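Novice: this one's sequence-less:
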């Protein structure tokens, strides 16, 4: 039987990996459809907003990666139990998006001087401020990022953090943020996530 | 009695206005605390992530504007009734955030040549693509943006859209997107929103 879900994205982790983690966690069988950079310009015209990832099932096409991840968080039982618990999850996720957008900004900057300045402000200001907050949240929540238990924010964090590490070329957590290391270990040792990591394609950019 | 909620932001609409709309819609009495640009550098150090808006109540401090708006959307009865309905709301909101980020990008660009190029790509590419999608969603949903009924995406859209208009200096909806005009009319004619518009400070940047 064909998988119920079809996820379409580029052949790397990026914005799709939190979704792949969540589908895997929930045991939701999915086709991991990857579009080559050569095919993208033509395919782009067929997408709702000129963007990927897309998640298709039962004739529906979902877009906007964070909105998809939140949807799956609810479907696989990793959402909060109240609006306030969901705010706590969302605040982590949106903070991570802030950080990722900043990394994208300097990573895709063509002007070398600006790139250097953007990287400097990221490494010296935003990164320590945000990571020390994430570290504090992980400490307060017993090795999770929100609500004192496993939520989709943890899976989201580990997937996005891995991508940021790949972009900046170093592991930003290792040796500096022991509670974030705990979050990572907890997520990566979930049997469904371990199985996904074993079968997914090799990491690339 | 002091208001239950205290919203802290700059003295303009920006990221806080969707929250002010939602608090007003729900009849939630709030202190509309506005920090001057002069006071911001010192106040910034006291905030969780160096950012505003903040929403305080019952000893809690909520941050991340979209996460706050989603929280209030649930509190005031403007959220979806299923994860899929909430995805539909979130997809509108996240698309609007894409658009706003693009406006910020060119608005705050210092280099005049880059600014011109960014504005051109915004006006010629992203704006028509996104607004024609919003227009289609509004058409399909009978003058609302999601789920065929009033949701927090509509209030969010009207508040953000007003801010974008203010930044770019023209009304991007008028005469071009009749169904978005309908969304705007529906939101602005809600009695609680009308009352807010009458009492809020004059618009500025």
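Specialist: Right, received. Where do you want to start? The shown structure was predicted, so the numbers you read here are calculated from the model rather than taken from an experiment.
Novice: so which residues on chain A come close to chain B?
Specialist: A:48-50, A:60, A:62-64, A:66-68, A:70-71, A:74-75, A:83-84, A:86-87, A:90-91, A:93-95, A:98, A:101, A:129-130, A:133 (CB under 8 Å from any CB of the partner chain). C-betas here are computed from N, CA, C, even on glycine.
Novice: contact partners for the closest residue in space to residue A:176 that isn't next to it in sequence?
Specialist: Take residue A:176 and drop its neighbours on the chain: the residue closest to it by CB to CB, 6 or more residues apart in numbering or on different chains is residue A:131, 7.5 Å away. Contact analysis of residue A:131 by CB atoms under 8 Å, 6 or more residues apart in numbering or on different chains lists A:172, A:173, A:176, A:177, A:180.
Novice: which SS state does residue A:131 fall under?
Specialist: Three-state call for residue A:131 (DSSP: H, G, I helix; E, B strand; the rest coil): helix.
Novice: including neighbour count and secondary structure, could the contacts of residue A:131 go into JSON lines?
Specialist: What follows is the contacts of residue A:131, written out as JSON lines (neighbours: other CB atoms under 10 Å in any protein chain shown; DSSP: H, G, I helix; E, B strand; the rest coil):
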{"residue": "A:172", "neighbour count": "15", "secondary structure": "coil"}
{"residue": "A:173", "neighbour count": "22", "secondary structure": "coil"}
{"residue": "A:176", "neighbour count": "13", "secondary structure": "coil"}
{"residue": "A:177", "neighbour count": "19", "secondary structure": "coil"}
{"residue": "A:180", "neighbour count": "24", "secondary structure": "helix"}
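Novice: could you point out which element follows whichever helix or strand residue A:66 is part of?
Specialist: Using DSSP states H and E, the element containing residue A:66 is helix A:65-75. Where DSSP H and E defines the elements, the next helix or strand beyond helix A:65-75 is helix A:83-107.
Novice: for the following helix or strand past that next one, packing partners?
Specialist: On the C-terminal side of helix A:83-107, the nearest following helix or strand under DSSP H and E is helix A:112-121. For helix A:112-121, the packing partners by 3 or more CB pairs under 8 Å, 6 or more residues apart in numbering or on different chains; DSSP states H and E come out as helix A:83-107.
Novice: spit out the contact partners of residue A:106.
Specialist: So residue A:106 contacts A:115, A:118, A:119, A:122 (CB under 8 Å, 6+ apart).
Novice: chain center to the helix holding residue A:66: distance?
Specialist: With CA atoms, centre = their mean, to the nearest Å as the basis, helix A:65-75 stands 11 Å off its chain's centre.
Novice: show residues contacting that helix.
Specialist: The contact list for helix A:65-75 (CB under 8 Å, 6+ apart) reads A:15-16, A:18-19, A:22-23, A:26, A:28, A:53, A:55, A:62, A:79, A:89-90, A:93-94, A:97, A:151-152, A:156, B:83-84, B:86-87, B:90-91, B:93-94.
Novice: selecting buried members of those residues in PyMOL, what would you type?
Specialist: Here is the PyMOL command that selects the buried residues among the contacts of helix A:65-75 (16 or more other CB atoms under 10 Å in any protein chain shown):
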select buried, (chain A and resi 15+16+18+19+22+23+26+28+53+55+62+79+89+90+93+94+97+151+152+156) or (chain B and resi 83+86+87+90+91+93+94)
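Novice: run a quick neighbour tally on the nearest residue in space to residue A:142 that is not next to it in sequence.
Specialist: Counting by CB to CB, 6+ apart, the nearest residue to residue A:142 once its immediate chain neighbours are dropped is residue A:148, at 5.6 Å. Using other CB atoms under 10 Å in any protein chain shown, the number of residues around residue A:148 comes to 13.
Novice: and residue A:57, by the same measure?
Specialist: Other residues close to residue A:57 by other CB under 10 Å number 14.
Novice: just checking, it touches residue A:8?
Specialist: No. Residue A:57 is beyond contact range of residue A:8, at 11.8 Å (criterion: CB atoms under 8 Å).
Novice: tell me the pLDDT of residue A:110.
Specialist: If you check residue A:110, the pLDDT there is 89.
Novice: actually residue A:205, not the one I wrote
Specialist: Confidence score, pLDDT, at residue A:205: 78.
Novice: now swap in residue A:82 and tell me
Specialist: 98.
Novice: and if you look at residue A:172?
Specialist: pLDDT, read off for residue A:172, is 88.
Novice: please, which helix or strand holds the closest residue to it other than its chain neighbours?
Specialist: In space, residue A:172 comes closest to residue A:165 once its chain neighbours are excluded; the distance is 5.9 Å by CB to CB, 6+ apart. Take DSSP H and E as the rule and residue A:165 turns out to sit in helix A:152-168.
Novice: for that helix, which positions count as buried?
Specialist: If you call a residue buried by 16+ other CB under 10 Å, then helix A:152-168 has these buried ones: A:152-164, A:166, A:168.
Novice: who's in contact with the helix or strand bottoming out on mean pLDDT in chain A?
Specialist: Least confident helix or strand, chain A: helix A:112-121 with a mean of 91, by mean pLDDT, DSSP states H and E. Around helix A:112-121, the neighbours that count as contacts under CB under 8 Å, 6+ apart are A:102, A:105, A:106, A:109.
Novice: now do stretch A:46-59
Specialist: A:4-10, A:15-16, A:19, A:35, A:44, A:61-65, A:68, A:72, B:95, B:98, B:129-130, B:133.
Novice: picking that back up, and the buried ones among the contacts of helix A:112-121, selectable in PyMOL?
Specialist: To isolate the buried subset of the contacts of helix A:112-121 in PyMOL, counting by 16+ other CB under 10 Å, use the following:
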select buried, chain A and resi 102+105+106
